[in-house]
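A.B. asks: my questions are about this predicted structure, shown below with the sequence.
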Amino acid sequence: MLNPNLAEIELSQDDYQRYSRHIILPEVGLDGQKRIKAASVLCIGSGGLGAPLLLYLAAAGVGRIGLVDFDIVDTSNLQRQIIHGTSWVGKPKIESAKQSIMEINPFCQVDLYETQISSANALDIIAPYDIVIDGTDNFPTRYLTNDACVLLNKPNVYGSIFRFEGQATVFNYQGGPNYRDLYPEPPPPGMVPSCSEGGVLGILPGIVGTIQATEALKIILGAPNTLSGRLLLFNAWDMKFRELKLRPNPVRPVIEKLIDYDQFCGIPQAKAAEAEQASALSEMTVRELHALMESQEKDFILLDVRNPNEYDIARIPGSVLVPLPDIEEGHGIDKVKELLDGHEGILIAHCKLGGRSTKALSLLKEAGIEGINVKGGITAWSREVDPSVTEY
């Protein structure tokens with residue numbers, strides 16, 4: 001209700017006490033706080049971005065907040081997802097988020113959608129809300145969210161994070177650009193590493209998520225100078241902000257319906273290619289690797305293709321680090337050849353879960369080097385063989 005009938009909205013005595021610092025702002029005032037109370041915001045995701053923005057929107061007095069998430073709280077989330085606590089590990093994120101929201105503002109209506117948003121349900125979920133905030137971390141859901149907002153004419157407050165860098169803007173607002181103007185085509189699957197592979201500074205999503213919350217409140221208040229048409233870039237390591245202009249593409253394809261976004265982003269094709277790569281490689285389980293190490297019947301070289309900082313966290317005894325990027329650039333292949341020179345043993349490779357080592361072995365195979373992939377990687381080793389090896 002971006003244009004509510006303010007005469008019908010009443011603030012309670014508690015509202016006046018809670019939001020007095022808002023109400024005394026000339027840019028907000030009594031009418032502005034009524035607009036905030038009447039507003040409804042849907043947040044897709046309660047992870048790194050969703051955690052801070054949900055807390056601040058609830059604290060600001062947004063009357064209705066919807067939350068879409070189907071994940072559970074993991075210990076690794078707690079470094080950045082401040083809406084969740086240690087006692088909620090292993091439990092649904094949306095329940096954890098709701099409890100935190102209600103602790104801040106028990107007068108906020110919180111709608112929970114414990115499901116994966118999809119082409120089948122997106123329009124029904126988004127339709128009742130004034131504003132959508134994209135707190136997702138994958139390209140299919142970003143395109144889906146964008147297209148649903150375009151079809152329903154909803155503002156889409158966007159944010160993304162990676163390592164030390166973040167982006168934020170407002171899509172589909174007052175004739176401004178949408179996500180497809182920024183990214184007409186998705187990148188190839190695997191081109192952009194996930195947070196679990198590339199890492200992220202825990203504070204970064206707090207900054208970007210807070211910017212998203214700020215933009216949502218500005219839209220509710222009808223403020224000028226939103227981020228519509230402007231892409232805000234932030235580098236936390238350098239502590240620098242930059243800004244790029246965004247404009248609608250006059251020849252962009254018209255969005256007429258929701259599609260299969262996994263297919264659009266090449267996910268099934270990538271999985272099929274990865275499965276084909278894996279099928280062309282020999283594999284062994286971590287238990288088989290452990291038995292081989294214990295028996296000492298065969299000589300082998302155990303190659304670890306993770307990044308150096310991951311190797312510092314945990315390693316399988318006797319492994320040799322040759323990171324996948326080095327193999328992709330070629331000099332890593334030369335290093336593997338040096339390791340194998342004059343060595344009669346077999347080559348075994350692992351990573352964190354098995355995907356990067358599959359890719360590394362495929363590249364090595366093209367160079368004439370055969371090897372065996374360890375299924376499940378060092379994570380499986382920690383869980384099934386040696387719990388003293390840190391799982392991260």
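C.D. replies: Thanks, I have it. The structure displayed is predicted, hence computed values, not measured ones. Numbering: from 1, shown residues only.

A.B. asks: so Tyr392 makes contact with Arg315?
C.D. replies: No: using C-beta atoms under 8 Å, Tyr392 makes no contact with Arg315, being 11.6 Å away. Where you see a C-beta, it was placed from the backbone N, CA and C, and this is true even at glycine.

A.B. asks: with neighbour numbers in mind, choose between the two.
C.D. replies: Arg315 (19 against 13; other C-beta atoms under 10 Å).

A.B. asks: for the more buried one, what are its contacts?
C.D. replies: By C-beta atoms under 8 Å, 6 or more residues apart in numbering, the residues touching Arg315 are Asp304, Leu321, Ile378, Val389.

A.B. asks: just send those back as a markdown table, with neighbour count, pLDDT and secondary structure too.
C.D. replies: Shown next, in a markdown table, are the contacts of Arg315 (neighbours: other C-beta atoms under 10 Å; pLDDT from 0 to 100; DSSP: H, G, I helix; E, B strand; the rest coil):
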| residue | neighbour count | pLDDT | secondary structure |
| --- | --- | --- | --- |
| Asp304 | 29 | 98 | strand |
| Leu321 | 16 | 98 | strand |
| Ile378 | 30 | 97 | helix |
| Val389 | 17 | 95 | coil |
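
A.B. asks: those residues: which two are farthest apart?
C.D. replies: Leu321 and Val389 (15.0 Å; C-beta to C-beta).

A.B. asks: show the contacting residues for the spatially most central residue of the chain.
C.D. replies: The chain has Asp137 as the residue nearest its centroid, 2.3 Å off, counting by C-alpha atoms, centre = their mean. Contacts here follow C-beta under 8 Å, 6+ apart; on that basis Asp137 touches Gly45, Gly47, Gly48, Ser160, Ile161, Ser194, Cys195.

A.B. asks: partners of the helix or strand Ile65 falls within, with directions?
C.D. replies: Under the criterion of DSSP states H and E, Ile65 resides in strand 64-68. Strand pairing for strand 64-68, determined by DSSP bridges: strand 40-44 (parallel), strand 109-113 (parallel).

A.B. asks: helix or strand right after it?
C.D. replies: helix 93-104.

A.B. asks: Ile133 touches Ser46, doesn't it?
C.D. replies: No: using C-beta under 8 Å, Ile133 is not in contact with Ser46, being 10.9 Å away.

A.B. asks: can you list the strands paired with strand 64-68 in JSON lines and add mean neighbour count, distance to Ile259 and mean pLDDT?
C.D. replies: Shown next, in JSON lines, are these (neighbours: other C-beta atoms under 10 Å; distance: least, C-beta to C-beta, whole Å; pLDDT from 0 to 100):
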{"stretch": "strand 40-44", "mean neighbour count": "25", "distance to Ile259": "18", "mean pLDDT": "98"}
{"stretch": "strand 109-113", "mean neighbour count": "15", "distance to Ile259": "21", "mean pLDDT": "98"}
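
A.B. asks: let me see the domain layout of the chain.
C.D. replies: The record's domain parsing of the chain by automatic domain parsing lists 39-270, 281-384.

A.B. asks: quick one: end-to-end length of the shortest one, please.
C.D. replies: Looking at domain 281-384, the gap from its leading to its trailing residue is 22 Å under the measure C-alpha to C-alpha, to the nearest Å.

A.B. asks: give me the distance from it to the chain's centre.
C.D. replies: Relative to its parent chain, domain 281-384 has a centroid offset of 28 Å by C-alpha atoms, centre = their mean, to the nearest Å.

A.B. asks: that older thread, between the strand holding Ile65 and helix 93-104, how big is the angle?
C.D. replies: If you take axes from the mean of the first three to the mean of the last three C-alpha atoms, to 10 degrees, strand 64-68 sits at 160 degrees to helix 93-104.

A.B. asks: pLDDT on strand 64-68, on average?
C.D. replies: For strand 64-68, mean pLDDT is 98.

A.B. asks: what comes into contact with it?
C.D. replies: 39-46, 50, 54, 57-58, 94, 97-98, 101, 108-113, 115, 117, 125, 128-129.

A.B. asks: could you export that strand as CSV, CA atoms only?
C.D. replies: The C-alpha trace of strand 64-68 is given here as CSV (Å, rounded to 0.1, in the frame of the first residue of the first chain):
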residue,chain,number,x,y,z
ARG,A,64,3.9,-6.6,7.4
ILE,A,65,7.0,-8.5,6.5
GLY,A,66,6.9,-11.7,4.4
LEU,A,67,9.9,-14.1,4.4
VAL,A,68,10.7,-16.8,1.9
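
A.B. asks: mind checking the end-to-end distance for stretch 26-44?
C.D. replies: For stretch 26-44, the end-to-end distance is 31 Å (C-alpha to C-alpha).

A.B. asks: so the helix of greatest length in the chain versus strand 40-44, what angle?
C.D. replies: Assignment by DSSP state H gives helix 204-221 as the longest helix of the chain. Counting by the same axes, to 10 degrees, helix 204-221 points 150 degrees away from the direction of strand 40-44.

A.B. asks: average model confidence for the next helix or strand after helix 204-221?
C.D. replies: Following helix 204-221 in sequence order, the next helix or strand is strand 230-235 (DSSP H and E). Strand 230-235 carries an average pLDDT of 98.

A.B. asks: can you tell me what sits against strand 230-235?
C.D. replies: 164-169, 182, 204, 207-208, 211, 240-246.

A.B. asks: out of the residues you listed, which are buried?
C.D. replies: Phe164, Glu165, Gly166, Gln167, Ala168, Thr169, Leu182, Leu204, Ile207, Val208, Ile211, Leu246 (16 or more other C-beta atoms under 10 Å).

A.B. asks: how about stretch 302-309 as PDB, C-alpha atoms only?
C.D. replies: The C-alpha atoms that make up stretch 302-309 are tabulated as PDB, following Å, rounded to 0.1, in the frame of the first residue of the first chain:
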ATOM      1  CA  LEU A 302      47.400 -37.100  -3.100                       C
ATOM      2  CA  LEU A 303      46.700 -33.800  -4.800                       C
ATOM      3  CA  ASP A 304      44.700 -31.100  -3.000                       C
ATOM      4  CA  VAL A 305      43.200 -28.500  -5.500                       C
ATOM      5  CA  ARG A 306      41.600 -26.200  -3.000                       C
ATOM      6  CA  ASN A 307      42.800 -22.700  -2.400                       C
ATOM      7  CA  PRO A 308      45.800 -22.100  -0.100                       C
ATOM      8  CA  ASN A 309      43.700 -20.600   2.700                       C
END
